[in-house]
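Chemist: Could you work out the structure for the sequence below:
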Amino acid sequence: MTSQHLIPPLNYGMIEEDLYRSGQPNELNFPFLEKLGLKTVVWLAPEEPNQRFLDFVDDQDIQLHHLGVVSSMNAWDPITEEVVLEASELILTPKNYPMIVMCNLGRHRTGTIVGCLRKLQRWNLTSIFEEYRRYAGPKVRVLNEQFIELFDTDLVRVPMDHPKWL
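Modeler: Model prediction:
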């Protein structure tokens, strides 16, 4: 019997229990993702995920929510408030778990969503930016940090049956 190596996708991390983040996975990451038992993928990049990943999602009966198309096609533009609110609604609905939030590299769009979520959890900005920078590496985008800082958490509709970590 051969042992299978489980390789997480680029910039993989656990946000909260049954809530994960990463960049776009490749075939080497599929066995790892399979172990997570995902029900939902929130895809934030403007372009479609690659076909192999779409096939994997389909084979695993995972719901794919492509929110990136709502925002600008320019990859350098910060994510829109509309996308953050739409993603928050999905993230705050426990029946969507286990869930992974991803974009191409799992840095900027994903990091902005996570930053806004942390703000909703009442984290201080220093901790939020430290986490954002840990995933963004040397490619920190000040516009994203500014977006997180100015994001109005009162716009987020928190459902009655929200996750216990909120």
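
Chemist: Just want to check the distance between E149 and I128.
Modeler: 8 Å (Cβ to Cβ, to the nearest Å). For glycine as for every other residue, the C-beta is placed from the backbone atoms N, C-alpha and C.

Chemist: What of L38?
Modeler: Relative to I128, and taking Cβ to Cβ, L38 is found at 25 Å.

Chemist: quick one, which of E149 and I128 is more surrounded?
Modeler: I128 (21 against 12; other Cβ atoms under 10 Å).

Chemist: Return the residues in contact with that one.
Modeler: Neighbour list for I128: G115, R118, K119, I148 [criterion: Cβ atoms under 8 Å, 6 or more residues apart in numbering].

Chemist: Which strand or helix spans the residue lying closest to the second one once chain neighbours are set aside?
Modeler: Read it as R118. Spatially, and ignoring its direct neighbours in sequence, R118 is nearest to I128 (4.6 Å; Cβ to Cβ, 6 or more residues apart in numbering). Assessed by DSSP states H and E, I128 sits inside helix 125-136.

Chemist: Next, the buried residues of that helix.
Modeler: Applying a neighbour-count criterion of 16 or more other Cβ atoms under 10 Å, one finds I128, F129, E131, Y132, Y135, A136 buried in helix 125-136.

Chemist: Repeat that for stretch 30-38.
Modeler: F30, F32, L33, L36, L38.

Chemist: Let's verify the third one: helix, strand, or coil?
Modeler: Following DSSP: H, G, I helix; E, B strand; the rest coil, L33 is assigned to helix.

Chemist: Setting the sequence-adjacent residues aside, check what's closest to it.
Modeler: Leaving aside its chain neighbours, L33 sits nearest to P25 (6.0 Å; criterion: Cβ to Cβ, 6+ apart).

Chemist: Hmm, I7 and that neighbour touching each other?
Modeler: No: with contact defined as Cβ atoms under 8 Å, P25 does not count as touching I7 (9.1 Å).

Chemist: of the two, who's got more company?
Modeler: Taking neighbours as other Cβ under 10 Å, P25 and I7 compare with P25 leading, 24 against 15.

Chemist: how much space between the more buried one and V158?
Modeler: With Cβ to Cβ as the criterion, P25 and V158 are 30 Å apart.

Chemist: How far off centre is stretch 148-166?
Modeler: 15 Å (Cα atoms, centre = their mean, to the nearest Å).
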